[in-house]
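**Q** The amino acid sequence is not available; the structure is as follows:
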């Protein structure tokens, strides 16, 4: 079903309002979910609402959390999200990082007791209008294996870095630290296709091409795949995201990260508190006059745009370009929500006795 | 040839002393080169001295640089390395980051006008004894292709992150943002072996198994390899390292990074100044009481050590473990320097009329 952006926004907003979010928070969750849809990442958009509702109904997400700073220095803070929606908690935390950076040039904020926060890129991009570099990362449900293991101990643990330029659009990298996203595995499974080797392994640690392997005890490999292809470096990267998101904040780490779907029970013995994120904001004028930095960044982008492409490719892609193209197109044309996704959402609303706005 | 650690140190120190480094700087370069040897990364050790000497003889490295802070805030600085040895410049810059962090909880230092700095991990580990997390990254000679390109525009751009623990040894990740190091390609070439697909491409951008492909216009792929295996994420990561190391500091970026071998000429039209690095130091008590952080980090490490290994593997490896094992072993047993490496070094010393201490 195709929706005009404003209508879809209104409907989503209504849902979060109905379950008890205040005006601002409902707007925040809506904006970030819609931002995922607009940027061509529907795996982090409308499809998640069903799970969010079930987590809320199971008392695992609070609509009126008491989000607070529990530790603070002039340049850093730890935020307790009090089990709020990840988007509400994360936006607040990134705002704090930006404030710290405004006052003291750089700001870092670690977050505990949060939940799934949608697209990592949204928070990093919040820094851009302040002439800052923004960094955002989060841990997540364990689906990924440490190199040489058969245990799923890490999330797809994304990193996003947004860097402002002058005439050129900003550089925005937003990527999971795995070769493939769970959503793409599901898609391949639905189509009855195999995936290439180097993306997943079976429950014994053997290479696999089965996109449904997660259902049979298999795991996603870290970025790089096997050791020959540098998978141990992807494991390093994923571990760094996990440690920054949890050990700095006191959130749960790796295998203890609370599942973000209601059908998986909470681990009552988790050593930390909820899911964790980590944010950094850096004023570019902490290093160079802002204008100089942005002009030099223009040159970086222009230079890389001029790299000679492989035959058959028009031009190389700067991180952030594809998402920007989607955003331009879909803002105009509207957003198509998969019928199955919509049906499941409406069923969930009905089950929870919430009148569907759709 | 096998050397006792102290003897090898003395010899290397003598060389750097003879070409004009002061006592301290000669000690710094020696220590960091030897640290690479000890940690089992000889590609960044003695083998590099020959190139360093030739760059010095070509007036591209200064032995008595005027390293200075050219921009400073309470939490950040930009350092101009004045074409000094990368090790001397980088150690100084990381010390500044640590000082800033001591005073204001976090410190970030961007560096321009530097040179090859050896192993990235050395600088990140400097933070550990201060109960800080250390981050180190550098750009480097262009050998790596941006996704979809045939141009070598990026270095192997390593990232190192060191995180202290309490009873457990620290977590130290130190990795190039490529699936394979140049040194490993050279090794395969010498052995007459092919490499696996997914590591390098030929000059047209076709997949290749030829380890000598860099000599024929080919390039190294970013971590992940091709797009199906997430190579575009490796490109993001490598770009981030390049931008942090150059655009924040004013160093040259990507294709303009000055070659660290004397037989490749300097690009006189490079838009920036020399090679760049980026360092971060973060007090762990900026987030948690240091003791709590370190205990929780112990638990992280112990938990991951307990992940079930694939059959045939004893135990999974925590980042930093293999290098620590090497260090323990080689400190005792001594360091074997490849005869060919030694011969080339002695030839270079002779050519430069420097009496060999070997």
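**A** Received the coordinates, thanks. Owing to the predicted nature of the structure, the values given are computational and were not obtained by experimental measurement. Residues are numbered from 1 along each chain as shown, chains lettered A, B, ... in the order given.

**Q** all helices for chain A, in order.
**A** Along chain A, counting by DSSP state H, helices occupy A:5-18, A:23-38, A:49-57, A:86-104, A:120-125, A:182-191, A:231-246, A:290-305, A:321-333, A:339-351.

**Q** Wait, residue A:205 touches residue B:311, no?
**A** Yes: contact criterion C-beta atoms under 8 Å: residue A:205 and residue B:311 qualify, at 7.1 Å. The way it works is simple: take the backbone N, C-alpha and C, and place the C-beta from them, glycine included.

**Q** more neighbours, the two?
**A** More neighbours surround residue A:205 than the other of residue A:205 and residue B:311, with 20 against 9 (other C-beta atoms under 10 Å in any protein chain shown).

**Q** Phi and psi next, for the more buried one.
**A** phi 90, psi 10 (degrees, to the nearest 10).

**Q** Can you get me a residue count around the closest residue to it other than its chain neighbours?
**A** Sequence neighbours aside, residue B:310 is the residue nearest to residue A:205 in space, at 3.4 Å (criterion: C-beta to C-beta, 6 or more residues apart in numbering or on different chains). Neighbour count of residue B:310, defined by other C-beta under 10 Å: 15.

**Q** How many residues are close by residue A:302?
**A** Residue A:302 is flanked by 13 other residues according to other C-beta under 10 Å.

**Q** what residues are up against it?
**A** The contact partners of residue A:302, by C-beta atoms under 8 Å, 6 or more residues apart in numbering or on different chains, come to residue A:168.

**Q** can you check residue A:9 too?
**A** A:30-31, A:34.

**Q** can you put the residues you listed in TSV and add pLDDT, distance to residue A:40 and neighbour count?
**A** Output for the contacts of residue A:9, formatted as TSV (pLDDT from 0 to 100; distance: C-beta to C-beta, whole Å; neighbours: other C-beta atoms under 10 Å in any protein chain shown):
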residue	pLDDT	distance to residue A:40	neighbour count
A:30	98	18	23
A:31	98	16	16
A:34	98	12	21
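
**Q** how about those in TSV, adding distance to chain B?
**A** Below are those laid out as TSV (distance: C-beta to the nearest C-beta, whole Å):
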residue	distance to chain B
A:30	28
A:31	24
A:34	24
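
**Q** and which of the residues you listed is nearest residue B:19?
**A** residue A:31 (59.8 Å; C-beta to C-beta).

**Q** contacting residues for that closest one?
**A** Applying C-beta under 8 Å, 6+ apart, the residues contacting residue A:31 are residue A:9.

**Q** What distance separates the opening and closing residues of stretch A:326-343?
**A** 25 Å (C-alpha to C-alpha, to the nearest Å).

**Q** scratch that, stretch A:54-66
**A** Length of stretch A:54-66, first residue to last, C-alpha to C-alpha: 21 Å.

**Q** starting at the chain centroid, how far to it?
**A** Relative to its chain's centre, stretch A:54-66 lies at 19 Å (C-alpha atoms, centre = their mean, to the nearest Å).

**Q** next one: stretch A:253-262
**A** Worked out by C-alpha atoms, centre = their mean, stretch A:253-262 lies 15 Å from the chain centre.

**Q** what's it in contact with?
**A** With C-beta under 8 Å, 6+ apart as the test, stretch A:253-262 has contacts from A:51, A:54-55, A:57-58, A:60, A:115-116, A:139-142, A:151-155, A:242-243, A:245-247, A:251-252, A:265-267, A:270-272, A:274-276, B:300, B:303-304.

**Q** Kindly recompute the last result at 6 Å.
**A** By C-beta atoms under 6 Å, 6 or more residues apart in numbering or on different chains, the list of residues contacting stretch A:253-262 from outside reads A:51, A:54-55, A:58, A:116, A:139, A:141-142, A:153-154, A:242, A:246, A:266-267, A:270, A:274-275, B:300.

**Q** Could you do stretch A:136-151 as well?
**A** Contacts of stretch A:136-151 (C-beta under 6 Å, 6+ apart): A:117, A:120, A:123-124, A:152-157, A:159-160, A:178, A:205, A:219-220, A:222, A:231-232, A:235, A:241-242, A:245-246, A:255, A:257, A:259-260, A:276-279, B:307-310, B:313, B:316.

**Q** Kindly report the same for stretch A:285-292.
**A** Residues outside stretch A:285-292 that contact it (C-beta under 6 Å, 6+ apart): A:105, A:131, A:284, B:73, B:76, B:78, B:110, B:248.

**Q** all strands for the stretch 151-300 of chain A, in order.
**A** Ranges of strands in the stretch 151-300 of chain A, per DSSP state E, counting those that start in this stretch, are A:159-163, A:171-175, A:200-201, A:207-208, A:219-220, A:275-283.

**Q** Switch those strands over to TSV; also include mean pLDDT and mean neighbour count.
**A** Formatted as TSV, the strands of the stretch 151-300 of chain A follow (pLDDT from 0 to 100; neighbours: other C-beta atoms under 10 Å in any protein chain shown):
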stretch	mean pLDDT	mean neighbour count
strand A:159-163	99	27
strand A:171-175	98	24
strand A:200-201	98	26
strand A:207-208	97	17
strand A:219-220	98	25
strand A:275-283	98	29
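
**Q** rank the helices of chain A by mean pLDDT and give me the bottom one.
**A** Mean pLDDT values for the helices of chain A show the minimum at helix A:182-191, a mean of 87.

**Q** which of the residues in that one are buried?
**A** Neighbour counts using 16 or more other C-beta atoms under 10 Å in any protein chain shown place A:182, A:185, A:188-189 of helix A:182-191 among the buried residues.

**Q** Please compare these by their distance to residue B:65 and name the closest.
**A** Within these, the smallest distance to residue B:65 is 50.2 Å, found for residue A:182 (C-beta to C-beta).

**Q** circling back: and the buried ones among the contacts of stretch A:253-262, selectable in PyMOL?
**A** The following PyMOL line selects those of the contacts of stretch A:253-262 that are buried, judged by 16+ other C-beta under 10 Å:
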select buried, (chain A and resi 51+54+55+116+139+141+142+153+154+242+246+266+274+275) or (chain B and resi 300)
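
**Q** Next up, the contacts around the residue of the stretch 251-358 of chain A found nearest chain B.
**A** Closest residue of the stretch 251-358 of chain A to chain B, C-beta to the nearest C-beta: residue A:310 (3.4 Å). Contact analysis of residue A:310 by C-beta under 6 Å, 6+ apart lists B:148, B:150, B:205.

**Q** Serialize the residues you listed to JSON lines and add fields for pLDDT.
**A** Shown next, in JSON lines, are these (pLDDT from 0 to 100):
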{"residue": "B:148", "pLDDT": "98"}
{"residue": "B:150", "pLDDT": "98"}
{"residue": "B:205", "pLDDT": "97"}
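
**Q** near chain B, which residues of the stretch 101-250 of chain A?
**A** A:104-106, A:108, A:110, A:146, A:148-151, A:153, A:161, A:163, A:173, A:175, A:179, A:196, A:198, A:205, A:223-225, A:228-230, A:233, A:236, A:240, A:243, A:247-248 (C-beta under 6 Å from any C-beta of the partner chain).
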